[in-house]
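A predicted structure for the sequence below; I have some questions about it.
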Amino acid sequence: MKKAMLILLLLANLFYIINFLFSFSSFSLINPFWLGSFVIGIVYSIIYLIMNRKQKDYHPYLSIAVLSACMGSIGLYVFYFYLSHMIA
């Protein structure tokens, strides 16, 4: 269940990044849902990293990927928010 949640968060972040770069659809990129999703992803991946580091077969790659994707998505969100408020 934990890995499934991390995979869903990673897919949501990748969808946001791809949509930002290629503008496939016309949904609002400055929706508070996205910011909440990014913060939840960061918190969940840090908790997953801390709680499961003592397991024998633990590989932190998925949680590190979610953490870096969330950080990148937050960067894109802030950049787009800044541009939309400075130009508009």
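Good, I have the coordinates.

Pull the distance from the lengthiest helix in the chain to the chain's centre.
Ranked by number of residues, the top helix in the chain under DSSP state H is helix 61-87. In terms of Cα atoms, centre = their mean, to the nearest Å, the centre of helix 61-87 is found 7 Å from the chain centre.

Remind me what it packs against, helices and strands.
Here helix 61-87 touches helix 2-22, helix 32-51, going by 3 or more Cβ pairs under 8 Å, 6 or more residues apart in numbering; DSSP states H and E. Yep, even glycine has a C-beta here, placed from its N, CA and C like the rest.

any chance of the ones you listed in JSON lines, with distance to Ser73, mean pLDDT and mean neighbour count too?
Formatted as JSON lines, the helices and strands packed on helix 61-87 follow (distance: least, Cβ to Cβ, whole Å; pLDDT from 0 to 100; neighbours: other Cβ atoms under 10 Å):
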{"stretch": "helix 2-22", "distance to Ser73": "5", "mean pLDDT": "90", "mean neighbour count": "15"}
{"stretch": "helix 32-51", "distance to Ser73": "5", "mean pLDDT": "91", "mean neighbour count": "16"}
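
could I get these as a markdown table with distance to Leu62?
Shown next, in a markdown table, are the helices and strands packed on helix 61-87 (distance: least, Cβ to Cβ, whole Å):
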| stretch | distance to Leu62 |
| --- | --- |
| helix 2-22 | 5 |
| helix 32-51 | 8 |
